[in-house]
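1. quick one, fold the following:
(chains A and B)
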Amino acid sequence: MSNTEMFKDRNISEDYFLLDIEDYPTTPWEKFKRVVKRSFKGELFVGLWVVLREMIKFDIHTIQYPEEKLPIGPRYRAVHEMKRLWESGTERCIGCGLCEKICISNCIRMETRYDENQRKEVGEYSINLGRCIFCGYCAEVCPELAITHGGEYENASEQREHFILYEDMLTPIDDVLNKKQREFQGFGAITPHEDERLKKTPLAY
Amino acid sequence: MDMAYLIATIVKIVVILLVFSALAGLGTYFERKVLAFMQRRLGPMYVGPYGLLQIAADGIKLFTKEDIIPANVVRPIFKIAPVITAATAFMAAAAIPFMPSFTIGGYEVKPIVSDINIGLLYIFGVMGVGLYGPLLGGMASANKWSLISAARSAAIFISYEVVTGLSILAPVMMVGSLSLIDFNNWQIENGWMVWYQPVAFILFWIAAFAETGRTPFHLVANDHEIIDGFGTEYSGMRWGLFFIGEYANMFFISFVIPLIFLGGFGEGTFIDGLIFLGKMSFFFFFFLWTRAAWPDVRPDQLMWLCWKVLMPIAVLNVVITGIVMM
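-> Next up, the predicted model:
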């Protein structure tokens, strides 16, 4: 017991206590006494009361999914979004190929070429969402904040071909012109109100 | 035997069969809803308003599902076992008065199929035979889980029947009859039986949980230990018959407990009938309530409880009742 004393000083709350566990009964008389004690101490009725109380309170926690949805966090990593430039509405991707390189499940492919002004242009860009593990490396590595993760997680489909549609990921041009494009703050950005959710670790090492 | 009696009896039988088959289905709905509310869920919600048509959906599923009979089972026994459970559950209803008697067009209807003078003995005898369903079905299934379940059902059977019989003996001694109608009439004069025999009431209530195989003693088909026990190899309506038998048994026991101990339907007015249904509903609800709240005991614990605790108490109760009556 003495060598565990250090763990008692956890400086988070005074509510921690050790459970007082009785020894197991060995003789029949002790077993009988335990049954009587458990039967008449009211533990069974405490259980009955708890479930009845919950039924009367009727505090239902079910989310009826297709009709109701829980809000998801702003940093949730679901289907990618390809962003556009705010001013001109052209695609932000500069075709550097970093996302293709870093992708650990090899699901990003791109073809680049020079356009008539000798600038690099992305011709073909595809993410195979059927293979993507949504690790977020592509969004992390992108120097232009061009590829980010969005909140669209309902991506079931009958055909695998539907998992690589670039048009679905690209932000619609109307959204950019109406200033509705949701901006990604970049790698290292924290969730809003993160300070309030901080807790001390329970073990003071 | 006059014609009116024959027709009335047949009508009663058909009504009991239809009403309690439907109630067994409704019982599953209530069970799901009550358990769900106690666990902060919603339960069935999609089929029909508030999921009420879930019963119909389940019925269609059970009736149209393929009736699989595995290769190594003992076919005749495997086929007959569910019928035993369902049939005996309904047969036991023959001696239960469900409502006070009423008059339709000058003909007095007694809502009991047959007021035999060995009513209680008959009810518990036939309900006891119902245990042959799980026993035979489990042993014939050629499945280890089913075999364990069959062994358990035999062990439970010999344990709780002793307690049921001995606990009910003291009230029978006081009333001097085995007919539930006589029990009812005795309690009109002398007040509720539970005030005279509180110990017998508790013992009988505990034994009823073993009789119907409900949660504290739900060992015969404990999902987390032995899959579905005797029902593992069953499918379709054969499995459904086990289910109907179980729920019909719950309803019948819920009728019998207030009839013996809580005054039954008393004088037999309309209000008394409603109060009786209320008592019955409470006991049915209690079956669902305990399922949400209590853990299961082990088979050896159940046998220990029945043989070493409940049975001596029941015997003492009978002896003390005898001494007081002398």
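2. for the most centrally placed residue in chain A, give its distance to chain B.
-> Taking C-alpha atoms, centre = their mean, the centroid of chain A lies closest to A:Tyr76, which sits 5.2 Å from it. According to C-beta to the nearest C-beta, to the nearest Å, A:Tyr76 and chain B sit 25 Å apart. In short, each C-beta sits where N, CA and C put it, glycine included.
3. pick out the residue of the stretch 101-250 of chain B closest to chain A.
-> B:Pro216 (8.8 Å; C-beta to the nearest C-beta).
4. tell me the pLDDT at that residue?
-> Predicted confidence (pLDDT) for B:Pro216: 82.
5. OK, contacts around it?
-> Contact analysis of B:Pro216 by C-beta atoms under 8 Å, 6 or more residues apart in numbering or on different chains lists B:209, B:290, B:294-297.
6. which ones among those residues come in contact with chain A?
-> The overlap between the contacts of B:Pro216 and the neighbours of chain A (C-beta under 8 Å from any C-beta of the partner chain) comes to B:290, B:294.
7. wait, which of the contacts of B:Pro216 is closest to chain A?
-> B:Trp294 (6.0 Å).
8. which residues are in contact with that closest one?
-> Applying C-beta under 8 Å, 6+ apart, the residues contacting B:Trp294 are A:44, A:47-48, B:215-216.
9. follow-up on the earlier one: in three-state terms, label the residue nearest to the residue nearest to the centre of chain A when sequence neighbours are not counted for me.
-> With sequence-adjacent residues excluded and distances taken as C-beta to C-beta, 6 or more residues apart in numbering or on different chains, A:Tyr76 is closest to A:Gly151, at 5.5 Å. At A:Gly151 the chain is in coil, as set by DSSP: H, G, I helix; E, B strand; the rest coil.
10. picking that back up, wait, doesn't the residue nearest to the centre of chain A sit right on A:His149?
-> Yes - taking C-beta atoms under 8 Å as the definition, A:Tyr76 is a contact partner of A:His149 at 7.1 Å.
11. tell me the contacts of the closest residue to B:Asn222 other than its chain neighbours?
-> With sequence-adjacent residues excluded and distances taken as C-beta to C-beta, 6+ apart, B:Asn222 is closest to B:Asp296, at 6.1 Å. Counting by C-beta under 8 Å, 6+ apart, B:Asp296 makes contact with B:215-219, B:222.
12. could you do A:Glu121 as well?
-> The contact partners of A:Glu121, by C-beta under 8 Å, 6+ apart, come to A:95, A:112-115.
13. Three-state assignment for it, please.
-> strand.
14. for it, list each beta-bridge partner.
-> When bridges are called by DSSP bridges, A:Glu121 pairs up with A:Arg113.
15. and residue 167, how many neighbours?
-> Using chain A here. Neighbour count of A:Glu167, defined by other C-beta atoms under 10 Å in any protein chain shown: 7.
16. chain B is the one I meant
-> 28.
17. now it, nearest residue through space, not along the chain?
-> That would be B:Leu203: by C-beta to C-beta, 6+ apart, it lies 3.7 Å from B:Ser167.
18. same question, A:Lys179
-> A:Lys179 sits nearest to A:Trp86 (C-beta to C-beta, 6+ apart), 7.5 Å away.
19. ok, now which ones touch the one you found?
-> A:176, A:179, A:181.
20. so where does it fall, helix or strand?
-> For A:Trp86, there is no helix or strand it lies in under DSSP states H and E.
21. pLDDT score for it?
-> Per the predicted model, pLDDT is 79 at A:Trp86.
22. cool, A:Glu14 as well?
-> 65.
23. so what's the residue count around B:Met127?
-> B:Met127 has 22 nearby residues by other C-beta under 10 Å.
24. quick one: it is in a helix?
-> Yes - assessed with three-state DSSP, B:Met127 lies in a helix.
25. give me the residue from the stretch 1-150 of chain B nearest chain A.
-> Counting by C-beta to the nearest C-beta, the stretch 1-150 of chain B gets nearest chain A through B:Met38, at 4.0 Å.
26. A:Glu54 is in contact with that residue, correct?
-> Yes - counting by C-beta under 8 Å, B:Met38 does reach A:Glu54; the two are 5.6 Å apart.
27. more neighbours: the two, which one.
-> Neighbours per residue (other C-beta under 10 Å) separate B:Met38 from A:Glu54, with B:Met38 holding more: 21 against 16.
28. you'd agree B:Tyr234 is up against B:Gly138?
-> No - shown here, B:Tyr234 and B:Gly138 do not form a contact pair, counting by C-beta under 8 Å, at 10.2 Å.
29. more crowded one of the two?
-> Neighbour count, other C-beta under 10 Å: between B:Tyr234 and B:Gly138, B:Gly138 has more, with 28 against 25.
30. the more buried one reaches B:Ala154, doesn't it?
-> No - the pair B:Gly138 / B:Ala154 is not scored as a contact, 9.2 Å apart, by C-beta under 8 Å.
31. weed out the non-buried ones from the contacts of A:Glu121.
-> The neighbour-count criterion (16 or more other C-beta atoms under 10 Å in any protein chain shown) marks A:95, A:112 among those as buried.
32. all helices of chain B, in order?
-> Counting by DSSP state H, one finds helices in chain B at the ranges B:3-38, B:54-64, B:75-92, B:119-129, B:132-140, B:144-175, B:180-190, B:193-196, B:198-212, B:223-226, B:236-261, B:270-293, B:299-304, B:311-325.
33. mind giving me TSV with those helices and columns for mean pLDDT?
-> Converted to TSV, these look like this (pLDDT from 0 to 100):
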stretch	mean pLDDT
helix B:3-38	86
helix B:54-64	88
helix B:75-92	88
helix B:119-129	86
helix B:132-140	88
helix B:144-175	87
helix B:180-190	83
helix B:193-196	83
helix B:198-212	88
helix B:223-226	80
helix B:236-261	87
helix B:270-293	87
helix B:299-304	85
helix B:311-325	90
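34. who wins for proximity to A:Glu124 among the ones you listed?
-> helix B:54-64 (49.1 Å; C-beta to C-beta).
35. other SSEs contacting that closest one?
-> Applying 3 or more C-beta pairs under 8 Å, 6 or more residues apart in numbering or on different chains; DSSP states H and E, we find helix B:54-64 packed against helix B:3-38, helix B:236-261.
36. may I see the buried residues of the first one?
-> Same thing as helix B:3-38. By 16+ other C-beta under 10 Å, the buried positions in helix B:3-38 come out as B:8, B:12, B:16, B:20-21, B:23-38.
37. so how far is it from its chain's centroid?
-> Relative to its parent chain, helix B:3-38 has a centroid offset of 12 Å by C-alpha atoms, centre = their mean, to the nearest Å.
38. quick one: it to helix B:54-64, angle?
-> Relative orientation of helix B:3-38 versus helix B:54-64 (axes from the mean of the first three to the mean of the last three C-alpha atoms, to 10 degrees): 110 degrees.
39. could you do the last one as well?
-> Between helix B:236-261 and helix B:54-64, the angle comes out at 130 degrees (the same axes, to 10 degrees).
40. please state the offset of helix B:236-261 from the chain centre?
-> Its chain's C-alpha centre and that of helix B:236-261 lie 4 Å apart, by C-alpha atoms, centre = their mean.
41. and for stretch B:280-299?
-> The chain centre lies 13 Å from the centre of stretch B:280-299; the measure is C-alpha atoms, centre = their mean.
42. before we move on, back to that, what's the pLDDT at the residue nearest to the centre of chain A?
-> 81.
43. same check, this time on the one 4 residues further on
-> A:His80 carries a pLDDT score of 85 in this model.
44. can you check A:Glu100 too?
-> In this model, A:Glu100 is scored at 90, pLDDT.
45. wait, it sits on A:Met110?
-> Yes - the pair A:Glu100 and A:Met110 passes the contact test of C-beta under 8 Å, sitting 5.5 Å apart.
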